[in-house]
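In: what follows is a predicted protein model with its sequence.
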Amino acid sequence: MINLVQTLETCWYVSPPWGKEIPPLEVSLLEKVYVTTTKSFGYCCGVEWSAKGWSYEIVSGNDNLTVLGREIIATGNLQLVTKEKPVFHLGELVEFRFHGDGPPARIVQGIQLICDSWFYCIEWMSPGISENGDASGEEKMGQASYPTDPPSTQTSTPKKPAPFSKPFPRDELFTFRDAIALGGTSPIARVTDYDLERVRL
């Protein structure tokens with residue numbers, strides 16, 4: 001049973017949230033862009049996968065804006081605010097040094113420049129499932145549970161998510177994607193390249 005759980009957990013971590021093909025980016029990291037919603041220019045300092053596709057972090061003046069691809073227009077010009085390039089790339093399979101008792105494999109789901117250092121978005125925990133009710137063959141209430149303490153490498157401490165539940169058949173898996181759709185907290189941590197290692201094939 002333990003081996004089965006570990007196998008399922010590994011499969012979760014190495015399964016890209018976007019499916020088989022990674023969607024192309026609308027703009028490149030550090031590219032100068034025009035934000036249509038604010039009618040201002042800025043540059044892309046980060047990108048992260050979300051339930052709506054790629055979301056972009058744009059530095060515009062003194063503001064940091066989080067927008068979707070349809071809200072920005074690429075210029076093709078780079079804003080060279082740092083000489084350092086990201087060590088890892090989007091969609092790359094890496095090993096998380098602080099994986100605890102779980103499997104180390106993770107997928108880079110985002111990259112962001114913070115204080116002249118590159119940070120990488122990975123899932124730092126897998127879903128937990130609890131079932132309430134009797135042992136009949138009818139639908140049960142599934143509730144995903146989360147640990148409340150993030151790893152020490154996380155740059156910000158998330159608030160404890162509100163409990164949520166929804167009915168689902170016994171043979172279905174209640175995933176983090178379902179949780180996010182219901183307003184749950186994303187299990188994403190931002191870590192440095194020191195916290196990650198390349199997978200040696």
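Out: Nice, I can see it.

In: now could you export just the CA positions of the longest helix along the chain as CSV?
Out: The helix spanning the most residues in the chain, taking DSSP state H as the definition, is helix 2-13. Extracted C-alpha coordinates of helix 2-13, given in CSV (Å, rounded to 0.1, in the frame of the first residue of the first chain):
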residue,chain,number,x,y,z
ILE,A,2,2.9,2.4,0.9
ASN,A,3,4.6,1.7,-2.5
LEU,A,4,1.3,2.4,-4.3
VAL,A,5,0.9,5.7,-2.5
GLN,A,6,4.4,6.7,-3.3
THR,A,7,3.9,5.7,-7.0
LEU,A,8,0.7,7.8,-7.2
GLU,A,9,2.5,10.7,-5.5
THR,A,10,5.4,10.5,-8.0
CYS,A,11,3.0,10.4,-10.9
TRP,A,12,1.3,13.5,-9.6
TYR,A,13,4.5,15.5,-9.3
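
In: quick check: buried residues in it?
Out: Glu9, Trp12, Tyr13 (16 or more other CB atoms under 10 Å). Backbone N, C-alpha and C define where each C-beta goes, glycine included.

In: tell me the average confidence for that helix?
Out: Mean pLDDT, computed over helix 2-13, is 78.

In: who are the packing partners of the next helix or strand after it?
Out: Remark: after helix 2-13, the chain's next helix or strand is strand 31-35, criterion DSSP states H and E. Packing partners of strand 31-35 (3 or more CB pairs under 8 Å, 6 or more residues apart in numbering; DSSP states H and E): strand 40-50, strand 53-60, strand 72-78.
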